[in-house]
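*Asks:* I would like the atomic coordinates for the input below:
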Amino acid sequence: MQTYHLDIITPVRNAFSEDVEYVSVPTKMGTVGVLPHHVGLFSSLTEGEIKIKTKQKEMFLAIGGGFMEIRGNAVTLLVSRAYHADELNETEIKKAQTAAKEAIARRTSGAELSDAYSLLRRSFIEMKVLRRYKAKHII
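*Replies:* Numbers count the residues shown, from 1 in each chain. Here you go, the predicted model:
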């Protein structure tokens, strides 16, 4: 199968840079799958899960919102954050979920409530990515 180059860039690092066969990304209008020779496109991205297929492997990343540009034989994702499944810590994710749920239960308001919902949403995405990774690596 043909490939194209994918770069996933955050403000602090280049999280991924390889030739891939396929990537699916979360947009406000739904998930977009990108194969080689995709039409040029610029789109905003939402928080969610990215699925990447290379010739050798399939992997998942949890991302924050951002933008995607498809130009020629290259796809660039500029995102607020990106974590590979093997970078995620289940204990820390569960702590974040608990803290967010407690803040919401206290009926906080304003920025604190918004932060709690954001943390809860991120932790659910990260847990989903981590579970996919564990399911593929259990013998």
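
*Asks:* Can you give me the domain boundaries for the protein?
*Replies:* For the chain, the structural domains run 4-85, 88-137, going by automatic domain parsing.

*Asks:* Worst mean pLDDT among these?
*Replies:* Of all the domains of the chain, mean pLDDT reaches its minimum on domain 88-137 (a mean of 85).

*Asks:* What are the boundaries of the strands in the protein?
*Replies:* 4-9, 14-20, 22-27, 30-34, 41-45, 48-53, 58-63, 66-71, 74-79, 82-84 (DSSP state E).

*Asks:* So for the longest one, what gets flagged as buried?
*Replies:* The reference is to strand 14-20. By neighbour count, with 16 or more other C-beta atoms under 10 Å as the criterion, the buried positions of strand 14-20 are 15-16, 20. Glycine gets a C-beta too; all of them are placed from N, C-alpha and C.

*Asks:* Now flag whichever of these is closest to I63.
*Replies:* Nearest to I63 among these, counting by C-beta to C-beta, is A15 at 8.4 Å.

*Asks:* quick revisit: deepest-packed of the domains of the chain, please.
*Replies:* Mean neighbour count (mean count of other C-beta atoms under 10 Å) peaks for domain 4-85 among the domains of the chain, with a mean of 16.

*Asks:* just checking, V34 touches S24?
*Replies:* Yes: between V34 and S24 a contact is recorded at 7.4 Å, counting by C-beta atoms under 8 Å.

*Asks:* how far off strand 58-63 does the longest helix along the chain point, in degrees?
*Replies:* Secondary structure of the chain per DSSP state H: the longest helix is helix 110-137. The directions of helix 110-137 and strand 58-63 differ by 170 degrees, with axes from the mean of the first three to the mean of the last three C-alpha atoms, to 10 degrees as the criterion.

*Asks:* helices or strands next to helix 110-137 in the packing?
*Replies:* Contacting helix 110-137 under the criterion 3 or more C-beta pairs under 8 Å, 6 or more residues apart in numbering; DSSP states H and E are the following elements: strand 48-53, strand 58-63, helix 90-105.
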